[in-house]
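**Student:** need a structure here:
(chains A and B)
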Amino acid sequence: MARKKKDRAASGPVAATAVVMVLYITDSGPNSVRAVANLEAICKEHLQDNFRLEIIDVLQYPLRALADGIVVTPSLAKLFPLPTATVVGNLSDKSDVLRALGIVE
Amino acid sequence: MDPAVPLTNPAPFGTDVDRVFKKAILRLVKGGPERLAIEAGQIDAIIDPGSGNAILLPATQRALIEHKAGFRSLIGLAFDWYWELDDHYRFVSHRGATGAADAFEEGIIGKALWELSIDNMSEADWQTHRQQLEWRVIFRDLEIRRVDRAGGEQYLSISGEPIFDDRNQFKGYRGITRDITERRRAAAQEPHRFDRAILDALETPIAVLGQAGAVLSANQAWDRFAASHSGVGAGVAAGSNYLAVCDEACGTEQVDGRAIAAGIRQVIGGERAIFRYDYACDSPGGRSWFALTVTGIAGNEKACAVVSCEDITERKSGELLLGLEFTVARCLADAGAATAALKSVIRAICETQGWNCGRYFCMDQSAGALRFIESWGVPSAVIEQFLEKSRGMLFRPGAGLAGRVYQSGQPLWILDNARGAGVSLTALAPETGEEGACVFPVTADKVIGVLAFSSSRVREPDHRMLQAMQSIGNQLGRFLQRQQAADALRRSEMRFRVLTNLTSDWYWEQDRDFRLTQVVGCSAFGTTDTLGLTHWDLPYVVLADAGWAEHKSQLAARWSFCDFEVATVRPDGEHAYYSISGEPVYDEGGAFTGYCGTGVDITERKRAEIELRESETRMRAAMAGAHPVGRRPSRQKTST
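**Tutor:** Numbers count the residues shown, from 1 in each chain, chains lettered A, B, ... in the order given. The predicted structure is shown next:
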């Protein structure tokens, strides 16, 4: 399963450049489902749709994770803006995610 | 996704999978974020760096299996069968989603859909469907109907999509089948649901009859009526033959089943548009009346007549009681004597209410107790014996049912089914005949007696019945009171006439112009010749004008006169003497209406008086003639 969310028209103050992320998950595993929900909430609150997110199911695309150097799922990889960063786990630690995305509260 | 593919159970710890997983963990950097996330339980899978495959954590594996099982269950709710067709549209598989039996008993593997026993698709329809398949389009909700071996109709909805292989070559179709029989039946019933709801909402029992008299349909009120009543209509539920029940019903006083059947046949046959029949039904709760109405239905092949049974118990009961009150009034008006009136009233009440017998007890003031006066009962040895025993009964005020009713002035009733309810019917047997009883007072300003009825059919009276009791008691009481007064007046008049006859020879009456209107007795003036004449116009009356003038002045002054003597000359020339007395008569308004009085023949007395006067006269004359002879000569001599 590979899902992509493109940047949509933001309604409020947004970052100057869209954040590009890839979330690696395992089908509907419990932590994967939770990671998707946590990331959706963070994006809605802090990025206001000014982002691009690709969700990759490693069960369907195993080589893609291997190629991207992903070791476990769920993992979130921020690709842009640089520097890149990776967050491992179900993204329940919000500050950790924000720090990786370069967003300072 | 093929829902029929079985899912494997999660691998428990200690298995090869578990060992592989642990081995993969050991490859991770100790203290690194991945190891920390695994220890925190936030990881679902580890990527094998050799193959790139995901190694699922046991918990994740279990969760995925449960998720798939749940999804499979949901799919099972969405359709009943899953099938696949080959590239020639022949079934290669047909499996039930939840283990349901195959929809086609004859077997469909190797057959195309149009080769199955489907009866609602025309050749043109199949042609259209085949065209869809040729075009490789997705088809949805193709509804087919088939008849199973039991003769039942089955509706199926089929949807399918084409299958292509990796090289985009057409492989066939796959799809789902849903059994929509129940939905189609419900949809077929939908137009009738509104009418049905209205029929069921009606309180009147209604049934629709077919040509042969079978009950095609009935509302809920009809079903309740059939279950709770005996007689015509009982047990005639939908599917039964109403005409047959009516034909078999024995004719009774309340209902004639054959008459009803004949009426229904006339309506079904179109001989009449409507047939009405009122009848009674006995149930444990009492007798009920129903107005049966049969109305013809035109232009329908199945339904021929509508039968309705309206409960008219309240109206009928009111009519009966009103009729009873009228009958009682007529009995009292027609009756000559009190006893005859009592008997007819008691009979009317008994016949109207279906009671066995009734008795009237009147307060005998001299005895200080209620005494039996009159009764009526149905012809029965038991009833006659019971009434015979009642003849000697006396009830003191407050004693027995009759005494209590007399004392309280309120009706009382004992129900026959009061057995076992703490009421000793045996103790009341002398009054009730070991049956139910109804006793109510007979009043005329005050209670003058009681009417007591006995029957097993006595039921608790309703408000209308209590009203009728009060009305009948009042009517009867006032009638008896008037009868008593009339009897007393008659006796008084009789005594007066006897006294009048003793003291006079005749009785006379005059109008306001003093003309005789009635002469009763041995009048000296006769009867026929004297009517219309005044006393002074009577023939042969001898009286000086002065005497008549004085008498007329008395009459004009409306004075009473006494011993006014008149004389008549008889044909033989003899005189007869009469003494008449009279007094003026006034009506209720005080207006003068004439005179009435008596006459006495005083001829003998007057003749004796005349004889005596003449005798005295003669004696005086004789004495006067003898005195000169007897005179002292000396005196005569002296004068001479």
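**Student:** what about the residue in the stretch 101-250 of chain B positioned nearest to chain A, which SS state?
**Tutor:** Of all residues in the stretch 101-250 of chain B, residue B:166 sits closest to chain A, at 16.0 Å by CB to the nearest CB. (C-beta placed from N, C-alpha, C; glycine too.) On the three-state scheme (DSSP: H, G, I helix; E, B strand; the rest coil), residue B:166 is labelled coil.
**Student:** Within range of chain A, give me the residues from the stretch 1-150 of chain B.
**Tutor:** B:28, B:33-34, B:36-38, B:40-47, B:49, B:51-54, B:56-57, B:59-60, B:63-64, B:67 (CB under 8 Å from any CB of the partner chain).
**Student:** The residue nearest to residue B:521 when sequence neighbours are not counted: neighbouring residues, count only.
**Tutor:** Nearest residue to residue B:521, sequence neighbours excluded (CB to CB, 6 or more residues apart in numbering or on different chains): residue B:506, at 3.2 Å. Counted by other CB atoms under 10 Å in any protein chain shown, the residues lying close to residue B:506 total 22.
**Student:** So which of the residues of the stretch 1-150 of chain B next to chain A sit within strands?
**Tutor:** Assigned to strands by DSSP state E, the following of those qualify: B:45, B:46, B:47, B:54, B:56.
**Student:** Most neighbours among those residues, which one?
**Tutor:** residue B:45 (29 neighbours).
**Student:** my guess is that residue contacts residue A:62, does it?
**Tutor:** No - judged on CB atoms under 8 Å, residue B:45 makes no contact with residue A:62 at a distance of 9.8 Å.
**Student:** what touches both of the two?
**Tutor:** Common contact partners of residue B:45 and residue A:62 (CB atoms under 8 Å, 6 or more residues apart in numbering or on different chains): residue B:54.
**Student:** circling back: give me the buried entries from the residues of the stretch 1-150 of chain B next to chain A.
**Tutor:** B:28, B:33-34, B:37-38, B:42-47, B:52-54, B:56-57, B:60, B:63-64, B:67 (16 or more other CB atoms under 10 Å in any protein chain shown).
**Student:** who does the longest helix that chain B contains touch, helix- and strand-wise?
**Tutor:** Using DSSP state H to define each element, chain B has its longest helix at helix B:463-503. Here helix B:463-503 touches helix B:313-334, helix B:338-353, strand B:436-444, strand B:446-455, strand B:592-601, going by 3 or more CB pairs under 8 Å, 6 or more residues apart in numbering or on different chains; DSSP states H and E.
**Student:** a markdown table please, covering those and showing distance to residue B:371.
**Tutor:** Supplementary listing: these in a markdown table, determined by distance: least, CB to CB, whole Å:
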| stretch | distance to residue B:371 |
| --- | --- |
| helix B:313-334 | 21 |
| helix B:338-353 | 13 |
| strand B:436-444 | 13 |
| strand B:446-455 | 9 |
| strand B:592-601 | 40 |
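**Student:** Quick one: closest of the ones you listed to residue B:178.
**Tutor:** helix B:313-334 (53.0 Å; CB to CB).
**Student:** Let me know the angle separating the closest one from helix B:338-353.
**Tutor:** 170 degrees (axes from the mean of the first three to the mean of the last three CA atoms, to 10 degrees).
**Student:** Which elements pack onto helix B:313-334?
**Tutor:** strand B:286-296, helix B:338-353, helix B:463-503.
**Student:** That one: how far from the chain's middle?
**Tutor:** From the chain centre to the centre of helix B:313-334 is a distance of 14 Å (CA atoms, centre = their mean, to the nearest Å).
**Student:** and what of stretch B:39-57?
**Tutor:** The answer for stretch B:39-57 is 86 Å, by CA atoms, centre = their mean.
**Student:** name the helices or strands packed onto the helix of greatest length in chain A?
**Tutor:** Using DSSP H to define each element, chain A has its longest helix at helix A:30-42. Contacts defined by 3+ CB pairs under 8 Å, 6+ apart place helix A:30-42 against strand A:19-25, helix A:94-101, helix B:58-78.
**Student:** Next, count neighbours for residue B:626.
**Tutor:** 10.
**Student:** quick one: average pLDDT of whichever strand or helix holds residue B:278?
**Tutor:** Here residue B:278 sits within strand B:274-283, counting by DSSP states H and E. Averaging pLDDT along strand B:274-283 yields 80.
**Student:** Can you list the helices and strands that it packs against?
**Tutor:** So strand B:274-283, by 3+ CB pairs under 8 Å, 6+ apart, packs with helix B:257-268, strand B:286-296.
**Student:** how much space between the closest residue in space to residue B:294 that isn't next to it in sequence and residue B:583?
**Tutor:** Counting by CB to CB, 6+ apart, residue B:294 lies nearest to residue B:275, which is 4.3 Å off, once chain neighbours are set aside. Distance of residue B:275 to residue B:583, given as CB to CB, to the nearest Å: 73 Å.
**Student:** Likewise for residue B:400?
**Tutor:** The separation that residue B:400 has from residue B:583, given CB to CB, amounts to 53 Å.
**Student:** Of those two, which one has the most company?
**Tutor:** Shown here are residue B:400 and residue B:583; by other CB under 10 Å, residue B:400 has more neighbours (22 against 13).
**Student:** List phi and psi for that one.
**Tutor:** phi 70, psi 180 (degrees, to the nearest 10).
**Student:** in what helix or strand does residue B:127 lie?
**Tutor:** Using DSSP H and E, residue B:127 sits within helix B:123-134.
**Student:** Now do that helix: which elements does it pack against?
**Tutor:** strand B:139-147.
**Student:** Tell me how far the strand it packs on lies from the chain's centre.
**Tutor:** How far strand B:139-147 lies from its chain's middle: 57 Å, per CA atoms, centre = their mean.
**Student:** Can you name the residues that contact residue 42?
**Tutor:** Answering for chain A, as no chain was given. Neighbours of residue A:42 in contact, by CB under 8 Å, 6+ apart: A:91, A:94, A:97, A:98, A:101.
**Student:** um, chain B though
**Tutor:** A:31, A:74, A:88, A:89, A:90, A:92.
**Student:** Next, give me the two most distant ones among the ones in strands among the residues of the stretch 1-150 of chain B next to chain A.
**Tutor:** Pairwise distances across these peak at 11.0 Å for B:47 and B:56 (criterion: CB to CB).
**Student:** Compute the inter-axis angle for the longest helix of chain A and strand A:19-25.
**Tutor:** 160 degrees.
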